[in-house]
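Colleague: Starting from these lines, generate the structure:
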Amino acid sequence: MVQMVYECEMPIMGEGCIESCFSYNQAMQPFLTPILALVTLLVVLWLGLRLRNMLGEQLEEKHRAMLLDLHDGLNKLGDRLNAASQDSAERLRTSVAQELNATRDAMQALRLAQTENLTQSREALLEKLNSTFETLNKAVEGRLDLIGGKVSERLDEGFKKTNETFVSVMARLATIDEAQKKIDGRTTNMVSLQDLLSNKSSRGAFGEVQLEGLVRNALPPDAYEIQYTLPNGSRVDCALFLPEPTGTVAVDSKFPLENYHRMYESSVVETERLLAQRQFKADVRKHVDDIAKKYIIPNVTSDGAVMFIPAEAVFAEIHAYHGDIVDYAMRKHVWIVSPTTLMAVLNTARAVLKDVETRKQVHIIKDELGKLGKEFERFDKRMFNLAAHIRQAHEDVQEVHTTSQKISRRFAQIEAVELAGEPTVAALPSAEPDSESEE
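Modeller: Residues are numbered from 1 along each chain as shown. This next block holds a predicted model:
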């Protein structure tokens, strides 16, 4: 480049200056070498960069060409794939259409066959149903005839039973009429019983009769006495003779009914009701005191006595609403009982009497048990001997059975000609020693 400048500048200068320029060049020659080297390096770098740019452009052009080729190849491949898929779809469509046609033909044939089978089955079923209906009609007609006959018989029997029931009902109505008459009579008797209970002496007699009936039904005759007179001169309604240490127990009937009725009359005002209640409690206390004073005698009777109240309602009233009276009677050793609770007391007394009688007969029972024990020992010995005889007889039977089996086997062997080489007469006696050896 310097040389070109130099060459360019030379025509401008004059020829006179050539020598001066030459000398100047010689003087500048040591400095021109590095400059030329630098310029050369710059030229090389410029050429390298240009070459690089040219190579980049070539690579880019090649890359573009490759992309264009790839794009064309993909387009061609897509076209081929589209053509192949259209071909496959067409073939598949054709195959599916053929299969559908074949399936439609098969379904049509199957439908025809099923129609024919159903027609045949329906005809056979109709024939069977017709025959079955005919059979059922005959059976039903027979059953209806039989049922009709039975219904007629049952209706006849029903008419007979209805007539008998009607007769029975008439008889029952007659009985009911008689019972109604009796009820009317009982009503009259109830009115008379109410009149009877309104009288104090009659009420006492009613309680005594009821007490006597209960005691008579529960105890033996020697265990009680009605209207028993005690050593102090008092007469008790009933005396129970129980074994020691209980002794004689006095049972007296008391029936405080007047004030009890007044307590529950609807026409009585509250003050009169309270007064009747206090009077009722006073009557019961008085009866308790009288029984404790008259019928509890030391060393003669038991340390307690029984007050019998014939009415359950009066007994329930005392125990439910007047506990102080019950406690007072217990302190006085007087036990208040009703017909129900008296039966429990009498049953207890009967059990005590039975136990006493049993204990009196204990020695007899022991003697009889001793005799029974001896008889049982004798029975045990005889039973043992009988068992031994039975066991011996069983063993003898077993031995006889074993011998008979051996003889039977020998006869079977003789029949089967299994003893061909042995004498028949000698074979028979050998059975007995064998049986003895086995036994």
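
Colleague: Where does the prediction get shaky in the protein?
Modeller: The chain contains residues with pLDDT under 70 at 1-32, 133, 151, 155, 158-159, 166, 173, 177, 179-204, 417-439.

Colleague: which helix is the longest one in it?
Modeller: When the chain is scanned for its longest helix (criterion: DSSP state H), the result is helix 18-198.

Colleague: Could you chop the protein up by domain?
Modeller: The chain breaks down by automatic domain parsing into domains covering 205-360, 382-438.

Colleague: any chance of those in CSV, with mean neighbour count and distance to Gly373 too?
Modeller: (Each C-beta comes from the backbone N, C-alpha and C, glycine too.) Below are the domains of the chain laid out as CSV (neighbours: other CB atoms under 10 Å; distance: least, CB to CB, whole Å):
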stretch, mean neighbour count, distance to Gly373
domain 205-360, 16, 20
domain 382-438, 11, 15
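
Colleague: For Val96, find the nearest of the ones you listed.
Modeller: Ranking these by proximity to Val96 (CB to CB) places domain 382-438 first, at 85.6 Å.

Colleague: on that earlier part again, determine which of the domains of the chain approaches Asp79 most closely.
Modeller: domain 382-438 (105.0 Å).

Colleague: Val314 contacts Tyr260, correct?
Modeller: Yes. Using CB atoms under 8 Å, Val314 makes contact with Tyr260 at a distance of 5.5 Å.

Colleague: Now do the same for Asp252: helix, strand or coil?
Modeller: What DSSP: H, G, I helix; E, B strand; the rest coil gives for Asp252 is strand.

Colleague: Who does it form a beta bridge with?
Modeller: Judged by DSSP bridges, the bridge partners of Asp252 are Met307.

Colleague: does it really touch Ile291, like I thought?
Modeller: Yes. Using CB under 8 Å, Asp252 is in contact with Ile291, at 5.4 Å.

Colleague: Which residues are in contact with each of those two?
Modeller: Ala305, Met307 (CB atoms under 8 Å, 6 or more residues apart in numbering).

Colleague: just to revisit the earlier point, for the longest helix of the chain, the distance to its chain's centre please.
Modeller: Distance of helix 18-198 from the chain centroid (CA atoms, centre = their mean, to the nearest Å) equals 43 Å.

Colleague: Show me what the helix or strand following that helix is packed against.
Modeller: Remark: after helix 18-198, the chain's next helix or strand is helix 200-218, criterion DSSP states H and E. Judged by 3 or more CB pairs under 8 Å, 6 or more residues apart in numbering; DSSP states H and E, the packing partners of helix 200-218 are helix 18-198, strand 224-229, strand 235-241, strand 248-253, helix 339-360.

Colleague: do that again at 10 Å, thanks
Modeller: helix 18-198, strand 224-229, strand 235-241, strand 248-253, strand 305-308, helix 339-360 (3 or more CB pairs under 10 Å, 6 or more residues apart in numbering; DSSP states H and E).

Colleague: And the contacts of the third one?
Modeller: If I follow you right, that is strand 235-241. Strand 235-241 is contacted by residues 204, 207-208, 211-212, 214-216, 218-219, 222-230, 246-254, 291, 294-295, 301-302, 305-306, 308, 345-346, 349, 353 when judged by CB atoms under 10 Å, 6 or more residues apart in numbering.

Colleague: how does it look with 6 Å?
Modeller: Residues outside strand 235-241 that contact it (CB atoms under 6 Å, 6 or more residues apart in numbering) are 208, 211, 215, 223-229, 248-253, 295, 349.

Colleague: and what of the fourth one?
Modeller: Outside strand 248-253, the residues within contact range by CB under 6 Å, 6+ apart are 207-208, 211, 236-241, 291, 295, 301-302, 305-306, 308.

Colleague: out of those residues, which one sits closest to Asp396?
Modeller: Checking the contacts of strand 248-253 against Asp396 by CB to CB gives Phe241 as the nearest, at 68.6 Å.

Colleague: Please name the bridge partners of that closest one.
Modeller: Beta-bridge pairing for Phe241 (DSSP bridges): Thr248.

Colleague: three-state assignment of Ser267?
Modeller: Using three-state DSSP, the structure places Ser267 in coil.

Colleague: measure it to Ala313 for me?
Modeller: When distance is defined by CB to CB, to the nearest Å, Ser267 is 19 Å away from Ala313.

Colleague: just Phe255 next, same as before
Modeller: Phe255 is 12 Å from Ala313, by CB to CB.

Colleague: any idea how far Arg154 is from Leu100?
Modeller: For Leu100, the distance to Arg154 (CB to CB) stands at 72 Å.

Colleague: joint contacts of Val314 and Tyr260?
Modeller: Joint contacts of Val314 and Tyr260 (CB under 6 Å, 6+ apart) do not exist.

Colleague: Check the spacing between Glu157 and Lys150 real quick.
Modeller: For Glu157, the distance to Lys150 - CB to CB - is 10 Å.

Colleague: Ok, Ser121 next?
Modeller: 41 Å.

Colleague: Same question for Lys281.
Modeller: From Lys281 over to Lys150 the distance is 75 Å, taken as CB to CB.
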